[in-house]
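Asker: below: sequence and its predicted model.
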Amino acid sequence: MKKEQEEGKPEFENILAEVGDYGAFQKSLVRWFLFPGVVPLAWFSLNIVFFMSVPDHWCHVSELLKSNLSVKEQQILIRPVEKQHGVEELSNCEMRDFNYSQILVDLLEGSQVKSILSRYNSTSNIPCPSGWMYDQTLYDNTASKQWDLVCDKDPMPSLVFTLTGVGSVLATPVYGGLSDRIGRKLTFFLCVFVTLVSGIASLFVPNFIAFLVLRMVNGGLSPTLFQLPYILLFEIVGTDKRTEMMTIGSIAWTVGLCTLPLFAYLLRNWVLLGLVTTCFCIPYFLYWRFLPESPRWLVSMKRYDEAVVILTRIAERNGSPVPDNLVERLKNVEKEAAREKQIDTAHNVTVLFRYRNLRKHFIFLTLI
């Protein structure tokens, strides 16, 4: 029965089973690459959430900064109450139309906030003429605070997230095609390098437009960086272990998500947070000698000798014998793949809508 099942497998799956499709070699990659490699991906992929956080803010009034009033008392004198969706809230973008120079004199003479409010009562408000003050309970500084992305610039943080998504849509097919052309391993390290450079550069650019462009480039790399560790493992493990690889990677991603707020809480400054999280790209380059190229991809590129070297390395680590006539068998794998590719090219995008189940899955995944 087992022999019949083996004969029903594609030839490469049989070769992989012979060298060991989940032995010490693959377990080592899971232990030292997949799990620890995916955790930091969440850190430098999603640090933008904290970069663009907008703290509570109110109009900057230099006169009140010279007083000994608490922040709360200053806000009482500055911020008018406005209704938003039927709820009364303190205004972020307007201030009371008071003579704050005279108020400062009154404060220095010992007047209380309540008496000043009753004495200078005014129903008119004006836009903030001198910028904003920001609440520092959670952050010392964010990108939104640095460039004052509030009030008339309120849509700008959302624009950053939108263009990050646009970058993903545009870049993913490019890097996906690149991984088919130059290999999974080289594409992975190229993406890590571009993420490192664009991520650090975005922290020190002098204007918001440059920041926006660099974050779009940086965000466009996230899906590829997330997928390639899985792909590298998928292509050297048996089919019955691929769900397990996805589960382990998802757990690692969740660990990264849960620990990222701790970095933001401890570091408090978006530049420092960006430096620490983005510099976790650097240890990835230590994987260069440890991480193998996908033997499946090498076979598809007719680089049989290199594929044999990697498969031999897998067999030796797993304590399995090296299969006989490996080069010839790999050539047969490539020929079969080429025939299947010719059949696939007869289809186009309309095949996604031709069959009921495929159409349903495509629509659901697109909406998600």
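Answerer: Thanks, I have it.

Asker: when you work out contacts or count neighbours from here on, use the C-alpha atoms and nothing else.
Answerer: Noted.

Asker: where are the low-confidence patches of the protein?
Answerer: Counting by pLDDT under 70, the ranges of the chain that qualify are 1-9, 85-86, 122, 340-349.

Asker: would you map out the domains in it?
Answerer: 21-52+156-288, 58-134 (automatic domain parsing).

Asker: quick one: the ones you listed as TSV, columns for mean neighbour count and distance to Leu352 too.
Answerer: As requested, the domains of the chain are exported to TSV (neighbours: other CA atoms under 10 Å; distance: least, CA to CA, whole Å):
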stretch	mean neighbour count	distance to Leu352
domain 21-52+156-288	18	17
domain 58-134	15	44
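
Asker: let's have these in TSV, adding distance to Gly319.
Answerer: Compiled in TSV, the domains of the chain are given as follows (distance: least, CA to CA, whole Å):
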stretch	distance to Gly319
domain 21-52+156-288	8
domain 58-134	62
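
Asker: among these, which comes closest to Val327?
Answerer: Distances from Val327 to each of the domains of the chain were compared by CA to CA, and the smallest falls on domain 21-52+156-288, at 17.2 Å.

Asker: distance between the ends of the closest one?
Answerer: Chord length of domain 21-52+156-288, first to last residue, is 22 Å (CA to CA, to the nearest Å).

Asker: among the domains of the chain, which comes closest to Phe362?
Answerer: With CA to CA as the measure, domain 21-52+156-288 is the member of those nearest Phe362 (16.0 Å).

Asker: would you map the strands across this structure?
Answerer: Chain-ordered strands for the chain, with DSSP state E as the definition, fall at 57-59, 81-84, 87-90, 94-96, 125-127, 132-134.

Asker: could you dump the ones you listed to CSV with distance to Phe234?
Answerer: Supplementary listing: these in CSV, determined by distance: least, CA to CA, whole Å:
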stretch, distance to Phe234
strand 57-59, 49
strand 81-84, 52
strand 87-90, 53
strand 94-96, 56
strand 125-127, 57
strand 132-134, 48
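
Asker: which of those strands sits closest to Pro157?
Answerer: Distance to Pro157, taken as CA to CA, is lowest for strand 57-59 among those, at 15.0 Å.

Asker: and of the strands of the chain, who's closest to Asp21?
Answerer: Taking CA to CA as the criterion, strand 132-134 is the member of those that comes nearest to Asp21, at 56.0 Å.

Asker: so what are the sheet partners of the closest one and their directions?
Answerer: The sheet places strand 132-134 alongside strand 57-59 (antiparallel), with pairing taken from DSSP bridges.

Asker: my guess is Leu163 contacts Asn218, does it?
Answerer: No - when contacts are counted by CA atoms under 8 Å, Leu163 is not listed as touching Asn218 (10.5 Å).

Asker: show me what contacts Gly183?
Answerer: Contact analysis of Gly183 by CA atoms under 8 Å, 6 or more residues apart in numbering lists Glu293, Ser294, Trp297, Leu298.

Asker: what's the distance between it and Pro295?
Answerer: Here Gly183 is placed at a distance of 10 Å from Pro295 (CA to CA).

Asker: just Trp43 next, same as before
Answerer: In terms of CA to CA, Trp43 sits 30 Å off from Pro295.
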